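Undergrad: 3D model of this:
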Amino acid sequence: MKLKPTFKSNKTIRNCKFCMFFWTILIMFWSVGSISDEMVHKFKSPSFSGINTSSHYLTIQNQEFNRKAALKAEIKALQDQIERDKENTTLARFIRNLESRIYSQLSRQLVENLFGETPSDFGTLTLEGNTIVYKVEDGIITLTITDSDGNSTTISLPVGNFTF
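TA: Residues are numbered from 1 along each chain as shown. Alright, predicted model coming up:
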């Protein structure tokens, strides 16, 4: 015996067919978005890919240059600091002060020989390879300073024409 489907069961079958159709269409629309292209691996580093390679190399070169320049500046600053430390020792200051006083005495003796109570007309002074020759002629003092390389400088001063 065969049962005839009732109206209610026909409606359920129709609803089921509609649901199946609806889900099929829905899956087709969703699957369109899931279609993809082939996967291609690309290196991020320009050294491998070749894209923007020149700017990459320039960036590396600039970084290396800046590092080297910073190291050179740091080394120079340390060398300058060492030199300043050497010049500021107690011994170095003492030697500078002593040299200054010795040069002052030599200059005072030279002035005494030129302008003192008993001035001399001619004289020679040798100091660290430099020769200073002075002579007085016709009211003019002529100083000739010759350095160790043979370069000379001549200074002429009138004896009585200037005052302080």
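Undergrad: By mean pLDDT, flag the weakest helix or strand of this protein.
TA: Least confident element among the helices and strands of the chain, by mean pLDDT, DSSP states H and E: helix 46-49 (a mean of 69).
Undergrad: Any idea how many residues pack against Tyr134?
TA: 20 (other Cβ atoms under 10 Å). Quick note: C-beta positions are derived from backbone N, CA and C, even for glycine.
Undergrad: does it count as helix, strand or coil?
TA: Put simply, Tyr134 is strand when judged by DSSP: H, G, I helix; E, B strand; the rest coil.
Undergrad: Hmm, Gly123 and it touching each other?
TA: Yes - using Cβ atoms under 8 Å, Tyr134 is in contact with Gly123, at 5.3 Å.
Undergrad: which neighbours do these two share?
TA: Residues touching both Tyr134 and Gly123 (Cβ atoms under 8 Å, 6 or more residues apart in numbering) are 110, 113.
Undergrad: residues in contact with Pro158?
TA: Per Cβ under 8 Å, 6+ apart, neighbours of Pro158: 139-141.
Undergrad: rerun at 10 Å
TA: 138-141 (Cβ atoms under 10 Å, 6 or more residues apart in numbering).
Undergrad: Write the PyMOL selection for whichever of the residues you listed are buried.
TA: Written as a PyMOL command, the selection of buried residues from these, which uses 16 or more other Cβ atoms under 10 Å, is:
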select buried, resi 141
